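In: After the sequence you'll find the predicted model.
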Amino acid sequence: MTREQILELKDIEAQISELKKKAEAIKDEMKAEMGNEEHVEVDGFKVNYTIVISTTLDSTKLKKELPDLWEMYKKEGITRRFSIT
């Protein structure tokens, strides 16, 4: 591992971050243009902006109100985190 690798990685990550911001800005602009339309076709491209309903578990509330149940069903995982500071 070299300093040059670290600097190159940090530069690439900064470029990726900037490109993601630009992509999100374009998406936001397109969503605004679509308004309430869920499907639009533009020059052969189909653009979809659909509503998705999902159900999630409020684990904070479960842990607070039913701690025994939380203990029975909690699942822990182990990961490794890579970082450069």
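Out: Noted; the coordinates are in hand. Residues are numbered from 1 along each chain as shown.

In: And Lys21, how far from Ala14?
Out: In this structure, Lys21 and Ala14 are 11 Å apart, going by C-beta to C-beta, to the nearest Å. For glycine as for every other residue, the C-beta is placed from the backbone atoms N, C-alpha and C.

In: next one: Arg80
Out: In this view, Arg80 and Ala14 are 23 Å apart by C-beta to C-beta.

In: Pick out whichever of these two has more residues nearby.
Out: Taking Arg80 and Ala14 together and counting by other C-beta atoms under 10 Å, Ala14 has the greater number of neighbours (10 against 4).

In: mind checking the SS state of that one?
Out: Three-state secondary structure (criterion: DSSP: H, G, I helix; E, B strand; the rest coil) places Ala14 in helix.

In: Which residue ranges of this protein form strands?
Out: For the chain, strands defined by DSSP state E occupy the ranges 39-42, 45-48.

In: just so I know, which of those lies nearest Met30?
Out: For Met30, the closest of the strands of the chain is strand 45-48, at 6.7 Å, according to C-beta to C-beta.
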